[in-house]
Structure formats: structure tokens, C-alpha cells
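J.: Next come a sequence and a model predicted from it.
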Amino acid sequence: MVRVGSRFGRVEPRRRARAFVLGLLAELPRKNCWTIAEQAGDATPDGMQHLLARARWDADGVRDDLRGYVTEYLGDPDAVLVVDETGDLKKGTATAGVQRQYTGTAGRIENAQVAVYLGYAAPAGHALIDRELYLPRSWTGDPDRCAAAGIPADVTFATKPQLARRMIERAAAAKVPFAWVAGDEVYGDNGPLRTWLEAQHIAYVLAVACDHRVPAGGGRTLRADHLAARLPKRAWQRLSAGEGAKGRRWYDWAWVTIAHAGSGCRYLLIRRNRSTGELAFYRCCSPQPVTLAALVTVAGLRWTVEENFQAGKGLTGLDEHQVRRWTSWYRWATLAMLAAAFLTIAAATEHARQPAPPGQIPLTRNEIAHLLATLTSPAPDTQHRMRWSRWRRHHQHRARGCHYQRQSMRL
């Protein structure tokens with residue numbers, strides 16, 4: 001918190017931000033301004049809500065400090081930047097960016113808010129370092145709706161790959177050490193993003209769909225799955241994509257060099273599940289020749305972003321915000337990412353300091369979060385808890401009255 005302290009103009013919001021981050025790290029059944037304020041010992045949630053909505057502080061500056069914090073402790077020249085999006089299910093239509101859209105969180109089209117994140121994956125650990133809220137055209141094409149949600153007038157529509165490019169540009173401008181960019185089909189099937197990465201001499205391993213067209217020479221193109229079907233048995237090699245929850249993840253891999261007129265080396269990487277035979281495909285590019293094992297390692301690190309989403313949502317309330325406005329979302333997401341990065345760095349520091357004792361696994365982010373919550377939780381105060389019970393019931397009574405009043409006006 002000392003690291004990000006200069007981003008707050010006054011001591012009051014700086015202290016409240018510290019209490020807010022401790023609340024995000026606490027073992028609360030759910031995390032919102034009410035529960036975090038109660039955990040902090042406040043009499044009402046007004047102060048926490050003010051921190052997110054109206055207090056003067058620089059959330060983008062905190063994001064930059066977070067990025068520097070992560071790279072200071074985890075930075076590695078062979079690290080991978082991983083782009084991916086995640087959705088939070090929402091009700092209503094007033095929350096910034098919400099509409100019926102596909103989200104992998106639900107695996108179907110739901111009323112949701114979607115954001116694109118940039119993860120940093122290095123040998124010592126991995127964490128989220130940047131974020132952008134995705135605004136569908138239904139929002140950017142409605143200035144009044146945007147104004148009501150506090151979205152700046154100069155914000156225009158941007159696709160998810162365009163948001164990913166912004167974050168990669170920021171990381172590169174900040175001299176973040178990395179060697180590769182990885183992402184799923186949303187980004188791999190986007191030609192402009194691949195072209196931009198190649199122009200910047202940034203190596204990538206990006207997933208593509210089975211019907212992705214691959215140059216085959218002579219002006220011809222082939223579907224990725226048709227090309228895979230032509231490969232002989234000797235083309236496949238068994239390699240590990242890295243450690244998983246249940247040990248090493250073994251797959252069969254093959255690669256094909258893609259003909260092209262420009263500089264650098266381009267490949268189609270193919271992964272085959274050893275049990276089901278299911279195939280996955282990746283477009284790859286590197287300024288210099290690389291080995292198949294190197295591409296497989298990068299492809300395997302793409303899954304670290306899913307672990308970051310799981311940790312962010314399960315440990316620091318990344319998806320539990322109950323905010324509607326643009327500024328509040330960015331502030332909540334940034335502080336939740338900061339809290340999660342602290343857990344990652346604490347685990348990495350402990351692993352580097354000493355190995356796990358015999359018969360124990362190394363300290364995990366989950367275990368560190370539990371220990372921290374145990375050590376920092378204030379002693380229970382019955383009167384404080386009862387005051388909050390009365391406050392909640394009073395607020396819910398007012399909300400119910402307003403709801404009934406709106407219903408009667410419609411009749």
C-alpha cells in the first residue's frame with residue numbers, strides 16, 4: 001500500500017483503500033461495500049462507496065504500480081503475456097457494459113458484463129496486470145445511456161482484440177520483460193491483431209478455430225483441421241504442456257511451417273488429446289526459429305489466466321462488485337487485482353526463501369489468504385455486529401418501500 005500511496009491525494013482515501021484491500025483479502029461470505037465496511041469497523045458503507053465512486057485517486061496509476069510490483073518480483077525475459085476475457089452475470093440494464101452476450105463463465109448467452117484482462121506468466125508465478133471493460137455497440141451507440149453510467153464521452157467501441165492490443169502496448173511501453181503473447185481463439189482468429197504483433201516483432205502463440213485458413217503455398221489455403229488430417233504418424237510427439245492440478249499435462253503435438261513472404265518464422269501448432277483425440281490449433285510466430293518444445297510451453301502457459309480468474313474471483317472478490325458505473329468498476333477491479341497480486345508475490349517470495357518442509361506442499365495463494373485473514377481479522381464486537389444488522393434491515397426496508405412505490409406507479 002506504500003507503493004500505491006502517491007496515487008491518493010489525501011490520507012483519508014489512502015487509509016480507506018488499505019482497509020478496502022484487507023476486506024477483499026478477508027474470508028467474507030461475499031464481498032461488497034457493505035461487508036467490507038463492516039469488516040473494517042465502519043458504521044455504514046458510505047465511506048467505501050465514496051472510495052469507489054467519488055473520491056479523488058488515480059486507478060490507472062495504481063494499475064501501473066501494480067504492473068511494476070508484479071514485474072519487480074516475478075519479472076523474467078521469457079515470461080508470457082496472456083490475454084483473455086471473463087464475464088460476470090448481472091441483472092438489469094443499467095450496469096456499464098451489460099447486455100445479453102456470450103460469456104465463458106456461464107458457457108452460454110446470458111445477461112452479463114464482460115472485461116478483457118492481461119495476465120503475466122513467469123516461472124516464479126503469475127498474476128493479472130491490466131484490465132479493460134468491454135462496451136458493446138448497444139452502449140457506445142447510445143450517448144445518453146453511457147452518460148448515465150459515467151462512461152466518458154470520448155470512449156468509442158473497441159473489439160476485444162483491440163482492447164488486448166491496448167494493454168499489450170502499455171506493457172511494452174512500460175518495459176515489462178516478456179518474450180511471448182498468448183491467447184484463445186478470440187484473439188488468434190483476429191488477423192489485424194496478429195499483423196500488429198508481427199509488425200512489432202512480438203512473438204505469439206494464439207489459439208485458432210478448426211476452420212481457420214492456413215497459407216499452403218501457391219496462393220492456396222487449407223483449413224487447419226484438414227491440414228492436421230494429412231500429417232503422418234511420425235509427425236506427432238508426446239510433450240508436456242506443464243504442470244496441472246493432477247500432475248503434468250501430456251498431449252500429442254505436431255507442427256507445420258507456414259509459408260510466407262515476410263520476415264520471421266510462422267507455424268501451425270496442433271495439439272491432440274491422448275484420450276479423446278480432440279484437436280486444438282494455434283497460429284504461432286517468432287522473429288527467430290524456435291523449437292516445438294518452446295511453442296508447447298507457451299501454449300501451456302495460456303491456462304495461467306484461468307487460474308488467475310479463479311483466484312481473483314474466489315479469493316479477492318474480482319466478480320463480486322455491485323457497482324454500476326464506469327469509474328467504480330475500474331477501481332474495484334484494480335484493487336481486487338492488487339490484492340490477488342499480493343497473494344501471488346507472497347507465495348513466490350516464500351517459495352524462493354525456503355523449500356516446503358518434508359510432507360507439505362509449498363504455501364499456496366489460498367493458504368496465504370487464510371493465514372492473512374486469521375491474523376488481521378478484528379476481534380468480534382457483538383455491538384458492532386448488531387448495529388450492522390439493524391442498518392441492513394433498515395436499508396432493506398427502505399429499498400422494499402421504494403420498490404413497492406415504483407410498482408404502484410406502473411399500475
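T.: Perfect, thanks for sending it.
J.: if I pick residue 151, what's in contact with it?
T.: 96, 135, 139, 326 (C-beta atoms under 8 Å, 6 or more residues apart in numbering). Glycine gets a C-beta too; all of them are placed from N, C-alpha and C.
J.: Recalculate using a threshold of 10 Å.
T.: Contact analysis of residue 151 by C-beta atoms under 10 Å, 6 or more residues apart in numbering lists 96, 97, 133, 135, 139, 140, 143, 145, 325, 326, 327.
J.: Now stretch 52-66: buried residues?
T.: Residues of stretch 52-66 classed as buried: 52, 55, 57, 58, 59, 62, 63, 64, 65, 66 (neighbour count, 16 or more other C-beta atoms under 10 Å).
J.: Cross-check the contact I'm expecting between the fifth one and residue 336.
T.: No. With contacts counted by C-beta atoms under 10 Å, residue 59 stays clear of residue 336, the gap being 11.6 Å.
J.: tell me, what's touching those two both at once?
T.: residue 131.
J.: returning to what we had before: in helices, which of the buried residues of stretch 52-66 appear?
T.: 52, 59, 62, 63, 64, 65, 66 (DSSP state H).
J.: Which one of these is nearest to residue 389?
T.: residue 52 (23.6 Å; C-beta to C-beta).
J.: Could you list the paired strands of the lengthiest strand in the chain along with their orientation?
T.: Secondary structure of the chain read by DSSP state E shows that its longest strand is strand 108-122. Strands that pair with strand 108-122, judged by DSSP bridges, come out as strand 80-89 (antiparallel), strand 99-103 (antiparallel), strand 125-133 (antiparallel).
J.: Provide the contact partners of the shortest one at residue level.
T.: Strand 99-103 has contacts (C-beta under 10 Å, 6+ apart) with 85-90, 93, 108-114, 134-139.
J.: Now with 6 Å, please.
T.: Strand 99-103 has contacts (C-beta atoms under 6 Å, 6 or more residues apart in numbering) with 87, 109, 110, 111, 112, 114, 136, 138.
J.: ok, so of those residues, who is nearest residue 252?
T.: Of the contacts of strand 99-103, the one sitting nearest to residue 252 (C-beta to C-beta) turns out to be residue 87, at 32.0 Å.
J.: For that closest one, give its distance to residue 107.
T.: 10 Å (C-beta to C-beta, to the nearest Å).
J.: Look at these two and report which has more neighbours.
T.: Legend: neighbour count by other C-beta atoms under 10 Å for residue 87 and residue 107, higher for residue 87 (21 against 8).
J.: isn't the more buried one right up against residue 111?
T.: No. Residue 87 is beyond contact range of residue 111, at 9.8 Å (criterion: C-beta atoms under 6 Å).
J.: what about the closest residue to residue 325 other than its chain neighbours, neighbour count?
T.: For residue 325, ignoring the flanking residues on the chain, the nearest one in space by C-beta to C-beta, 6 or more residues apart in numbering is residue 150 at 3.9 Å. Neighbour count for residue 150, taken as other C-beta under 10 Å: 15.
J.: so who does residue 150 touch?
T.: Contacts of residue 150 by C-beta under 6 Å, 6+ apart are 325, 326, 327.
J.: the helices in the stretch 201-350 of the chain, which residues?
T.: Listed in chain order, the helices found in the stretch 201-350 of the chain under DSSP state H, counting those that start in this stretch are 224-229, 292-301, 304-315, 326-353.
J.: I appreciate the help and will end here.
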